[in-house]
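>>> One predicted model, sequence on top.
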Amino acid sequence: MATFPFSGVDGGLSLHESAERMARRRSVLCFLVPQVSRAMRTLICGWLAWAALTVSAVEPPKESGQRNEEVKKSDVADEKSSVKKPETQAESKANAKKSRDNSGGKAGAKAVEDMPIPVSPSWVRVARDYPIWVDLKKKEVIVKGRIAIQKGALEMFACPKGTKEHESVVAIESPAKFVHLALLAVGARPGKPVAFDPEYRPATGTTILIDVVWKDAQGKVHRHRAQEWVKNARTGKPLQYDWVFGGSSFFTDPATGERYYAAEAGELVCVSNFSTATLDLPIESTAANRGLLFVANSEKVPPRGTPVLMILRPKSEDAKNKAPSAKDRSDASKRKDSPNAKKEDRP
């Protein structure tokens, strides 16, 4: 039998035997190679999955029962945390006082911050959304604002915020109509605004006294007459006149039919005459830029942005202007009926 001496075939084997051996080796290799490849693929995939879990820290999906149990525990914890402890009587009183101090006792009113002085228990909130009160015992209107300018020419002493701050000392945080309403509530009576045609006629109405309250950087509270913050541009002296309640006016928009209070444009407390002023000076004071009579007293006015309370109160009438009482009328009647009445009436 022929033999093959080269290394590829075992020496001394016949061609037929060598062919069979080589066939067996091929079959073994054909079986092992796929198995090894599959094992490598499994190993690589497993390693990649482990790496992904490690990097992203993704927890394996939980069973639905386990998830439901955790949701229930979370809900119970939330309910426990949301349950408030009942207030003690002292806490209830303290919270009520804090609410009253911030809002003036009006239900649902916005809290007021940066007050120079606390809200008094006697103050009654006029409007829920604005810091304006009336004190019916003292016959005062209290409205909060801020310093708009510390120096410069003036047309107003005070205006509603967002109107004429560039020429007003104080910008109040309330519409002008609520100031008008509050003045009526404490007994003030509007007269008539200034008129210019056919001739000048000053504004009339109840005289209104105005004080301003503010707190300095050291926490000291100051109270001054509003006139101290305004001075005559020519003489340098403080304003010498009180304001009168002219009452402004209302107008109706013909396009919409809505009714508006004219002073909302800014003319709340004026130092120049405006026919739309709520409060005006009873003297002739032009609004022309070249003829403005008054400027801010920078030596007295606090820094711009300082919170301030403006306190308005009707001036009490002189005794001679008051309506006679029943006793006075009775005494006058007796004097008239006395025998000496004619003699007493002679000049």
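Okay, I see it.
>>> Pull up the distance across stretch 239-249, start to finish.
The first and last residues of stretch 239-249 sit 26 Å apart, counting by Cα to Cα, to the nearest Å.
>>> all helices for the stretch 51-200 of the chain, in order.
Assigned by DSSP state H, counting those that start in this stretch, the helices in the stretch 51-200 of the chain fall at 64-82, 89-103, 176-185.
>>> Quick one: mean pLDDT for the last one?
Helix 176-185 shows a mean pLDDT of 97.
>>> Also the second one?
Helix 89-103 comes out with an average pLDDT of 56.
>>> How about the longest one?
What helix 64-82 shows for mean pLDDT is 56.
>>> Kindly report the same for stretch 158-172.
Computed over stretch 158-172, the mean pLDDT rounds to 97.
>>> Could I get the buried residue list for it?
Across stretch 158-172, burial judged by 16 or more other Cβ atoms under 10 Å covers 158-161, 163-165, 167-172. (Glycine included, C-beta is placed from N, CA and C.)
>>> Just confirm residue 252 contacts residue 262, I think it does.
No - counting by Cβ atoms under 8 Å, residue 252 sits too far from residue 262 to count as a contact (11.2 Å).
>>> Out of the two, name the residue with the larger neighbour count.
Neighbour totals were compared for residue 252 and residue 262, and residue 262 leads with 19 against 10 (other Cβ atoms under 10 Å).
>>> Residue 273 belongs to a helix, doesn't it?
No - assessed by DSSP: H, G, I helix; E, B strand; the rest coil, residue 273 does not belong to a helix; its assignment is coil.
>>> Now do the same contact list for it.
Listed by Cβ atoms under 8 Å, 6 or more residues apart in numbering, the contact set of residue 273 reads 194, 196, 202-203, 280-281, 284-287.
>>> Could you measure from it over to residue 123?
Distance, residue 273 to residue 123, using Cβ to Cβ, to the nearest Å: 32 Å.
>>> what do you get for residue 141?
For residue 141, the distance to residue 123 equals 10 Å [Cβ to Cβ].
>>> cool, residue 219 as well?
As for residue 219, its distance to residue 123 is 22 Å (criterion: Cβ to Cβ).
>>> How about residue 193?
Residue 193 sits 29 Å away from residue 123, going by Cβ to Cβ.
>>> what's the answer for residue 137, then?
For residue 137, the distance to residue 123 - Cβ to Cβ - is 10 Å.
>>> Give me the more crowded residue out of the two.
More neighbours surround residue 123 than the other of residue 137 and residue 123, with 24 against 10 (other Cβ under 10 Å).
>>> check contacts around the closest residue to residue 181 other than its chain neighbours.
Nearest residue to residue 181 in three dimensions, chain neighbours excluded: residue 126, at 6.6 Å (Cβ to Cβ, 6 or more residues apart in numbering). Taking Cβ under 8 Å, 6+ apart, we find residue 126 in contact with 132-134, 174, 178, 181-182, 185.
>>> now do residue 153
So residue 153 contacts 167, 233, 289, 292, 294-295 (Cβ under 8 Å, 6+ apart).
>>> rerun that using 6 Å as the cut-off
292, 295 (Cβ atoms under 6 Å, 6 or more residues apart in numbering).
>>> Make residue 1 into 53 and carry on from there
Sure, I'll start counting at 53 from here, so that last one is residue 205.
>>> So for it, what pLDDT did the model give?
93.
>>> That one and residue 259: what is the separation?
25 Å.
>>> now residue 243
Note on residue 243: its distance to residue 259, by Cβ to Cβ, is 10 Å.
>>> again, but for residue 291
Residue 291 is 14 Å from residue 259, by Cβ to Cβ.
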